[in-house]
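Asks: no sequence for this one, just the structure:
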């Protein structure tokens with residue numbers, strides 16, 4: 001029963017994030033959250049805490065305006081004191097030149113008593129890098 005409840009909450013959370021409400025994910029972050037988005041180019045990051053996590057999301061939505069992330073599958077294991085959640089994601093956006101961006105990713109999350117303490121994300125970095133270069137070449141997503 002616990003796993004079904006967690007799966008439902010994760011699906012609801014990703015529905016909110018897909019609608020642009022990334023603060024719903026930030027609200028789940030423990031003060032000691034360790035987040036890693038694998039890669040060399042933005043949005044690659046290794047950071048700690050909800051403040052940096054929120055900044056990462058804000059930057060992502062600037063880099064890819066209108067990004068759509070949808071949950072394809074969820075696997076839940078463990079118990080409230082150490083729950084592992086694995087999510088398969090589909091990512092879509094329209095790039096600055098009008099071409100579609102499509103990618104897929106895996107998220108591995110550790111929850112402790114409902115709070116996210118670790119979040120590790122893998123996305124196809126070759127596709128992502130090409131899209132980021134195009135966006136930055138059009139002046140999108142670059143910090144002043």
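Replies: Received, thanks. Quantities reported herein were computed from a predicted structural model and do not represent experimental measurements.
Asks: pretty sure residue 109 is touching residue 119, no?
Replies: Yes - with contact defined as CB atoms under 8 Å, residue 109 counts as touching residue 119 (5.2 Å). For every residue, glycine as well, the C-beta is placed using N, CA and C.
Asks: pLDDT below threshold where in this structure?
Replies: 142-144 (pLDDT under 70).
Asks: can you give me the helices in it?
Replies: Along the chain, counting by DSSP state H, helices occupy 2-18, 23-28, 50-63, 125-137.
Asks: can you name every helix or strand that the shortest one contacts?
Replies: When contacts are defined as 3 or more CB pairs under 8 Å, 6 or more residues apart in numbering; DSSP states H and E, helix 23-28 packs onto helix 2-18, helix 50-63, strand 115-123.
Asks: relative to residue 95, which of those is closest?
Replies: helix 50-63 (10.4 Å; CB to CB).
Asks: can you tell me how far the residue nearest to the spatial centre of the chain sits from residue 80?
Replies: By CA atoms, centre = their mean, the chain has its centre lying nearest to residue 121, at 6.8 Å. Residue 121 is 23 Å from residue 80, where distance means CB to CB, to the nearest Å.
Asks: and residue 130, how far is that from residue 97?
Replies: Counting by CB to CB - residue 130 and residue 97 are separated by 12 Å.
Asks: same question but for residue 137, I mixed them up
Replies: 9 Å.
Asks: flag every buried residue along stretch 121-130.
Replies: Within stretch 121-130, the residues that count as buried by 16 or more other CB atoms under 10 Å are 121, 123, 125, 128.
Asks: tabulate the helices of the chain (JSON lines), appending distance to residue 74.
Replies: Below are the helices of the chain laid out as JSON lines (distance: least, CB to CB, whole Å):
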{"stretch": "helix 2-18", "distance to residue 74": "5"}
{"stretch": "helix 23-28", "distance to residue 74": "14"}
{"stretch": "helix 50-63", "distance to residue 74": "20"}
{"stretch": "helix 125-137", "distance to residue 74": "22"}
